[in-house]
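>>> Sequence and computational prediction follow.
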Amino acid sequence: CNYCEENGKCVHRDLDEFFNQFENADVVLFASPVYNGGFSAPVKALIDRFQVYYTSFYKNGKIQSIKKHRKGILLVAAGRNGEAATAEMEKNLKCAFTILNMESAGSVLCAYTDTEPEYEKATEEMKMILRRSLSDE
């Protein structure tokens, strides 16, 4: 609708509080099951709502509208192997992170949730990434 391009904010005010918390977070966790080889619809919809940041970034000569540099972590749950879907999701987030003044701290895949879930492996990987992310501050 181009409202954000003209006004610097979204016409839909339902995420104002979320955006405020998001902009001030030190670490942001993006968590999603694999649906059709990518993000679930709610997570994809949230990423799409970051349009206000995309618009601001490009309209203002690639200047970050979010001043605080943060780290982002991807957590993926997959019924099967999930490695290809995780790689695709990482690629999508890499583009978003550029606009959102974020860098990837890593990703964790909890695979085979339909049969033999790798909960312990995923939990340990997540702990390691979180410790590293929070200690680098």
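Right, received. Where do you want to start? Numbers count the residues shown, from 1 in each chain.

>>> And the pLDDT at the spatially most central residue of the chain?
Geometric centre of the chain, nearest residue: Phe30, 4.2 Å, by Cα atoms, centre = their mean. What the model reports as pLDDT for Phe30 is 97.

>>> buried ones in whichever strand or helix holds it?
In this assignment (DSSP states H and E), Phe30 forms part of strand 27-33. Residues of strand 27-33 classed as buried: Val27, Val28, Leu29, Phe30, Ser32, Pro33 (neighbour count, 16 or more other Cβ atoms under 10 Å). Heads up, the C-betas are built off the backbone N, CA and C, glycines and all.

>>> can you pull the contacts of the first one?
So that's Val27. Arg70, Lys71, Gly72, Ile73, Ala105, Leu130, Ser133, Leu134 (Cβ atoms under 8 Å, 6 or more residues apart in numbering).

>>> Might one say that Val11 is in contact with Arg49?
No: with contact defined as Cβ atoms under 8 Å, Val11 does not reach Arg49; the gap is 11.3 Å.

>>> Relative to the whole chain's centre, how far out is stretch 38-56?
Distance, stretch centre to chain centre, for stretch 38-56: 9 Å (Cα atoms, centre = their mean, to the nearest Å).

>>> Could you list the alpha-carbon positions for it in CSV?
Provided in CSV are the C-alpha atoms of stretch 38-56 (Å, rounded to 0.1, in the frame of the first residue of the first chain):
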residue,chain,number,x,y,z
GLY,A,38,10.3,-23.2,4.3
PHE,A,39,8.9,-21.1,7.1
SER,A,40,5.5,-21.6,8.5
ALA,A,41,2.9,-19.1,7.4
PRO,A,42,2.9,-17.1,10.7
VAL,A,43,6.7,-16.7,10.7
LYS,A,44,6.6,-15.8,7.0
ALA,A,45,3.9,-13.2,7.6
LEU,A,46,6.0,-11.6,10.4
ILE,A,47,9.0,-11.4,8.1
ASP,A,48,6.8,-9.8,5.5
ARG,A,49,5.7,-7.2,8.0
PHE,A,50,9.3,-6.1,8.2
GLN,A,51,8.5,-4.2,5.0
VAL,A,52,8.6,-1.0,6.9
TYR,A,53,12.3,-1.6,7.7
TYR,A,54,13.0,-2.5,4.0
THR,A,55,11.3,0.6,2.8
SER,A,56,13.2,2.8,5.2
